[in-house]
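**Q** Below is the structure, and that's it, no one-letter string:
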């Protein structure tokens, strides 16, 4: 069962009767994301799925991004995910992409997604990414926690960083 693309790709510009943040508010929420991951984990024998969390960074003040800027990033990301990928909102300045790929391949996709954010022409805005693979013995919330941990580490280093979860220390 392939992961369906998020239908927000057609919402590059919001219709006049919708608020400026329409593309962002149309994205599925973190709860929907976790449900989608649970559905995939329950279906045995499918191709690997990896969660990529893309977190935005402001280089100037660190204040939250205005809705219009989030909308531009959402539109740029939705226009650049593959047909079998799935885009959702994960937090105030985070986007989640479920990729139908193994972790190693997800690093390449994450680098591409960070370039998309940079290309959205938002001065002072960069992005980082955290990656974790959905496994048969790992709950969706644990996968999300691992990707968030990696994203937090990437943010502490600076823009353009991608960190992949590689398991526990032994």
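**A** It's in. Please read all numbers here as calculations on a predicted model, not as lab measurements. Numbering: from 1, shown residues only.

**Q** need the helices for this structure, in chain order.
**A** 22-26, 30-42, 67-78, 103-118, 140-157 (DSSP state H).

**Q** now the last one against helix 30-42, angle please.
**A** Read that as helix 140-157. Helix 140-157 runs at 120 degrees relative to helix 30-42, counting by axes from the mean of the first three to the mean of the last three CA atoms, to 10 degrees.

**Q** next one: helix 140-157 to chain centre, how far?
**A** From the chain centre to the centre of helix 140-157 is a distance of 11 Å (CA atoms, centre = their mean, to the nearest Å).

**Q** Contacts made by that helix with the rest, please.
**A** For helix 140-157, contacts defined as CB atoms under 8 Å, 6 or more residues apart in numbering pick out 30, 33-35, 37-38, 41, 51-53, 55, 57, 90, 94, 96, 128-135, 138, 161-165. C-beta here means a position set from N, CA and C on the backbone, and glycine is covered the same way.

**Q** mind listing what's buried in stretch 38-46?
**A** 40-41 (16 or more other CB atoms under 10 Å).

**Q** circling back: and the helices of the chain: which comes nearest residue 124?
**A** helix 67-78 (9.8 Å; CB to CB).
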